[in-house]
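Asker: starting from these lines, generate the structure:
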Amino acid sequence: MTRTLAAVLSSLLLAAPALAAPDGAAGRPGGRPGHGGDDAPGRLTVMTRNLYLGADINRIAAAQTPQQIPVVVGELWGTVQLTDFTARARVIAAEIEAAGPDLVALQEASLFRTGPGYACAGQDVPATAVAADFVEVLVAALAARGLDYQVASSIENFDAQLCAFDGTGFLDVRLTDRDAVLARRGLRLRDPRSGHFQAMASYPAAGSALPVLRGWSGVEVRTAGGWLTFLSVHLEQELFAAVQLAQAAELAELLARARLPVIVAGDLNAGPAPASVASYAALLDAGLRDPWPRLHRRWAGPTCCYDEALLTGALSTRIDHVLFRGNLTPLAAWRVGVDDRTPSGLHASDHAGVVVLFKPGNDRR
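Answerer: Predicted coordinates for the structure are as follows:
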């Protein structure tokens with residue numbers, strides 16, 4: 001898929017029952033942030049965080065002709081720079097420091113590269129100059145706070161290179177979408193793995209269809225209750241509900257083969273309501289459990305979405321989840337990234353993050 005999307009675009013251009021912490025709670029409920037060098041933690045805290053790539057790429061679909069795409073892409077590239085991931089990463093690093101997660105599932109962990117405009121001339125020459133590596137920036141922001149996290153697993157999904165007109169000239173802008181898992185150093189990890197969904201959406205753009213690859217990334221971690229599998233997942237958006245449901249079915253099939261307890265954390269673009277119910281229900285039918293309604297019976301806990309510029313908007317639907325199966329007891333669940341902003345007033349992402357504290361071992365309640 002790495003060149004498929006780029007090639008198509010180039011062609012276009014040419015032609016409560018337990019402790020339930022409130023949002024923003026400092027530290028982890030009932031414990032200190034982190035575990036130092038614990039070999040097998042008796043409590044496991046996990047987070048899911050959609051980092052937001054920095055602009056709404058659905059705007060490309062509004063292009064009526066191939067000639068309009070460079071202008072739209074130039075506008076999007078400008079928005080990515082205005083939404084300043086370096087500043088946002090500092091806010092996310094502060095969230096991670098406060099919550100103390102052992103594992104963090106990242107979605108839209110984008111890698112942007114630029115080039116001299118080969119795509120504008122119809123040449124298939126990959127851009128290589130790194131303009132922003134969201135994973136690298138976030139890990140550096142964590143290190144600046146004295147936090148030692150490593151990339152335990154990652155996967156590259158769709159990879160698109162487009163011609164952009166930035167108001168003064170033409171350049172290539174290449175976006176590589178990634179999912180990743182960060183793990184605090186000191187955990188026992190094994191078997192990093194990842195995969196792509198066979199079901200793919202085709203985004204409309206100037207009369208053509210652009211395939212968008214999505215996937216998952218995971219790792220096994222040792223806890224006091226034994227080994228478990230942790231997955232970061234990003235399903236297709238609800239606009240392509242049939243594709244999203246097919247991806248959920250693929251994920252359910254993957255989980256059916258899993259022999260260990262499982263935590264699935266990510267932006268599922270689906271939830272109880274008003275988001276797509278079918279995909280969410282399919283995952284629950286596959287044996288996954290959602291701790292949020294158990295711990296917050298009267299509160300929906302919306303996670304999506306702020307506006308494209310990250311300055312306004314409101315969270316109205318819960319589509320970011322930490323689901324689980326197996327001998328785990330959820331003790332607390334809370335959101336992060338709701339109120340904190342950068343000095344210039346940006347939200348850290350267009351999504352809120354979700355944190356869940358688990359006790360490994362059988363749930364007898």
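Asker: residue closest to the middle of this structure?
Answerer: residue 107 (1.6 Å; C-alpha atoms, centre = their mean).
Asker: so it versus residue 91, what's the distance?
Answerer: 17 Å (C-beta to C-beta, to the nearest Å). Quick note: C-beta positions are derived from backbone N, CA and C, even for glycine.
Asker: so where's the protein shaky on pLDDT?
Answerer: 1-39, 206-207, 362-365 (pLDDT under 70).
Asker: quick check: residue 110 touching residue 132?
Answerer: Yes - between residue 110 and residue 132 a contact is recorded at 7.1 Å, counting by C-beta atoms under 8 Å.
Asker: okay, and the common contacts of the two?
Answerer: Residues touching both residue 110 and residue 132 by C-beta atoms under 8 Å, 6 or more residues apart in numbering: residue 85.
Asker: contact partners for the residue nearest to the centre of the chain?
Answerer: 48-51, 179, 232-234, 266-267.
Asker: try it again with 7 Å
Answerer: When contacts are counted by C-beta atoms under 7 Å, 6 or more residues apart in numbering, residue 107 touches 50-51, 179, 232, 234, 266-267.
Asker: and residue 50, how many residues sit next to it?
Answerer: 27 (other C-beta atoms under 10 Å).
Asker: quick one, phi/psi of it?
Answerer: phi -80, psi 120 (degrees, to the nearest 10).
Asker: and it, bridged to which residues?
Answerer: residue 107 (DSSP bridges).
Asker: wouldn't it be in contact with residue 349 here?
Answerer: Yes - between residue 50 and residue 349 there is a contact under C-beta atoms under 7 Å: 5.8 Å.
Asker: circling back: mind putting the contacts of residue 107 into a markdown table with secondary structure and distance to residue 72?
Answerer: Below are these laid out as a markdown table (DSSP: H, G, I helix; E, B strand; the rest coil; distance: C-beta to C-beta, whole Å):
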| residue | secondary structure | distance to residue 72 |
| --- | --- | --- |
| 50 | strand | 23 |
| 51 | coil | 22 |
| 179 | strand | 25 |
| 232 | strand | 29 |
| 234 | strand | 23 |
| 266 | strand | 28 |
| 267 | strand | 24 |
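Asker: got these as a markdown table, with distance to residue 197 columns?
Answerer: Shown next, in a markdown table, are the contacts of residue 107 (distance: C-beta to C-beta, whole Å):
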| residue | distance to residue 197 |
| --- | --- |
| 50 | 17 |
| 51 | 20 |
| 179 | 11 |
| 232 | 13 |
| 234 | 10 |
| 266 | 12 |
| 267 | 14 |
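Asker: so which of those residues wins on neighbours?
Answerer: residue 232 leads the contacts of residue 107 on contacts (other C-beta under 10 Å) with 33 neighbours.
Asker: chain neighbours aside, what residue packs nearest to that one?
Answerer: Leaving aside its chain neighbours, residue 232 sits nearest to residue 105 (3.4 Å; criterion: C-beta to C-beta, 6 or more residues apart in numbering).
Asker: ok, and for whichever strand or helix holds the one you found, which residues are buried?
Answerer: Element membership for residue 105, per DSSP states H and E: strand 103-107. Using 16 or more other C-beta atoms under 10 Å as the test for burial, strand 103-107 gives 103-107.
Asker: can you check stretch 244-257 too?
Answerer: So stretch 244-257, judged by 16+ other C-beta under 10 Å, has buried residues 244-252, 254-255.
Asker: relative to residue 221, which of the residues you listed is nearest.
Answerer: residue 255 (16.5 Å; C-beta to C-beta).
Asker: is that closest one in a helix, a strand, or coil?
Answerer: Classification of residue 255 by DSSP: H, G, I helix; E, B strand; the rest coil places it in helix.
Asker: my read is that it contacts residue 283, right?
Answerer: No - the criterion here is C-beta under 7 Å, and residue 255 misses it with residue 283 at 8.2 Å.
Asker: all helices of the stretch 201-350 of the chain, in order?
Answerer: All helices of the stretch 201-350 of the chain, identified by DSSP state H, counting those that start in this stretch, fall at 241-256, 277-285, 291-295.
Asker: just how off-centre is the second one within its chain?
Answerer: Yep, that's helix 277-285 we're talking about. Computed by C-alpha atoms, centre = their mean, to the nearest Å, the chain-centroid distance of helix 277-285 equals 19 Å.
Asker: mind listing what's buried in it?
Answerer: Within helix 277-285, the residues scored as buried using 16+ other C-beta under 10 Å are 279-280, 282-283.
Asker: which one of those is nearest to residue 185?
Answerer: residue 283 (30.7 Å).
Asker: ok now do the residue nearest to that closest one when sequence neighbours are not counted, which residues does it touch?
Answerer: Residue nearest to residue 283 in three dimensions, not counting chain neighbours: residue 248, with 5.7 Å by C-beta to C-beta, 6+ apart. By C-beta under 7 Å, 6+ apart, the residues touching residue 248 are 235, 279, 282-283.
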